[in-house]
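> coords please:
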Amino acid sequence: MRIFIALLVLAASTVAAQAQNRWVTIENVTGVTMREFYASNRDQRTWGRDWFGSSMLYSGQTVDFNIDDGSGYCLYDLKAVFVDGDEVTSMGFNVCELGTWRIN
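Residues are numbered from 1 along each chain as shown. Sure, this is the predicted structure:
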């Protein structure tokens, strides 16, 4: 009986973790326009697509993205590329617990 209850608790916690949202707010307070944004779960080997496409994020602006890739991961590596060529990364950003990536 104890094993059955433990399995139920484990299954419920797994479903709860998978149900968490993967929304992240990008806040640009650098003084420089951001031209690219990438997000990949911790096990991906590439950055994937540029979430901005042809858009840009000016300093003082924010944008929201649902970066859920269906993997169930909460830890993502984030990368911002700016018009002056600078790049900022955040490795292992927990999108399930932290809703905003503030770049300054």
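
> hang on, S71 packs against R42?
No - assessed by C-beta atoms under 8 Å, S71 is found out of contact with R42, at 9.3 Å. All C-beta spots, glycine's among them, are computed from the backbone N, C-alpha and C.

> residue ranges with poor pLDDT in this protein?
Residue ranges of the chain with pLDDT under 70: 1-20.

> Which residue ranges of this protein form strands?
Applying DSSP state E to the chain gives strands spanning 23-28, 34-41, 62-66, 75-82, 87-94, 100-103.

> got a markdown table for those strands, with distance to S55 and mean neighbour count too?
A markdown table is the format used below for the strands of the chain (distance: least, C-beta to C-beta, whole Å; neighbours: other C-beta atoms under 10 Å):
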| stretch | distance to S55 | mean neighbour count |
| --- | --- | --- |
| strand 23-28 | 11 | 18 |
| strand 34-41 | 9 | 21 |
| strand 62-66 | 8 | 13 |
| strand 75-82 | 13 | 19 |
| strand 87-94 | 18 | 13 |
| strand 100-103 | 16 | 16 |
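
> For M56, find the nearest of these.
strand 34-41 (5.2 Å; C-beta to C-beta).

> quick one, the closest one and strand 23-28 angle?
Orientation of strand 34-41 against strand 23-28 (axes from the mean of the first three to the mean of the last three C-alpha atoms, to 10 degrees) gives an angle of 150 degrees.

> circling back to that earlier point, the strands of the chain: which one's closest to G53?
G53 lies closest, by C-beta to C-beta, to one member of the strands of the chain: strand 34-41, at 9.4 Å.

> packing partners for that closest one?
strand 23-28, strand 62-66, strand 75-82 (3 or more C-beta pairs under 8 Å, 6 or more residues apart in numbering; DSSP states H and E).

> What helices and strands are in contact with the first one?
Using 3+ C-beta pairs under 8 Å, 6+ apart as the contact criterion, the secondary-structure elements in contact with strand 23-28 are strand 34-41, strand 62-66, strand 75-82, strand 100-103.

> Format those as JSON lines; extra columns: distance to G92.
As requested, the helices and strands packed on strand 23-28 are arranged in JSON lines below (distance: least, C-beta to C-beta, whole Å):
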{"stretch": "strand 34-41", "distance to G92": "10"}
{"stretch": "strand 62-66", "distance to G92": "18"}
{"stretch": "strand 75-82", "distance to G92": "5"}
{"stretch": "strand 100-103", "distance to G92": "12"}
